[in-house]
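Participant: Predicted model follows, preceded by the sequence.
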Amino acid sequence: MPNLPAAEYRFHAYKLSEGYPDTFFAFFANNNKNASKTVSVTAGRTITVHLALGPKCAKLRVIIRNEYGIPVDGGLSFTRAGEETSEYSIGVKADSEFLVPLVPFEVEVTANNYETWKSSILTPRSEETIKLNVRLTPSRQIPLHLESVKTLLTSHKSN
């Protein structure tokens, strides 16, 4: 990067397509201290920064269906086992695949009008693909539509 003003810079690398996640997020943090470096840049001086990625992550393939086998989009929340502060959440399609770190973790699946689904603790190995088949059950709460509420109120007033 030519002509940077004199200052301290932090360089950080990841490559999702090759199995290396963004370790900026606590859920993906690992012991690799070579994936980022802070360097001081001074005028007229060239600095070479060497970064090393790794280890490669595992993949998680999630297939989300309702009680009839119909695909359901939803949200996933990942938490490292025993570390409540390392939560990572994303919205997903009914059939999704993404990287997960090589640490024990749990997954919660949420979708509108369905009960939250929770996994057991998963412990992936490098470059392994874990497959989760999630079957959601309807929520016990019945959503009320505004027109239904108006009808109930109107009929109650007339009695």
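Facilitator: Here it is on my side, so go on. Numbers count the residues shown, from 1 in each chain.

Participant: can you pull out the helices in the protein?
Facilitator: Assigned by DSSP state H, the helices in the chain fall at 146-158.

Participant: Where is the longest strand in it?
Facilitator: Taking DSSP state E as the criterion, the chain has its longest strand at strand 83-92.

Participant: Show me what that one packs onto, helices and strands only.
Facilitator: For strand 83-92, the packing partners by 3 or more CB pairs under 8 Å, 6 or more residues apart in numbering; DSSP states H and E come out as strand 74-80. C-beta: built from backbone N, CA, C; applies to glycine.

Participant: what about dumping the CA coordinates of the strand it packs on to PDB?
Facilitator: Presented in PDB, the C-alpha positions along strand 74-80 are these (Å, rounded to 0.1, in the frame of the first residue of the first chain):
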ATOM      1  CA  GLY A  74     -34.500 -18.300  10.100                       C
ATOM      2  CA  GLY A  75     -31.800 -17.100  12.300                       C
ATOM      3  CA  LEU A  76     -28.800 -18.900  13.800                       C
ATOM      4  CA  SER A  77     -27.100 -17.900  17.100                       C
ATOM      5  CA  PHE A  78     -23.800 -19.600  17.800                       C
ATOM      6  CA  THR A  79     -22.200 -19.700  21.200                       C
ATOM      7  CA  ARG A  80     -18.900 -21.200  22.300                       C
END
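
Participant: so what strands line up beside it?
Facilitator: Within its sheet, strand 74-80 is paired with strand 83-92 (antiparallel), strand 105-110 (antiparallel), according to DSSP bridges.

Participant: Relative to the whole chain's centre, how far out is the longest one?
Facilitator: Relative to the chain's own centre, strand 83-92 is displaced by 6 Å; criterion: CA atoms, centre = their mean, to the nearest Å.
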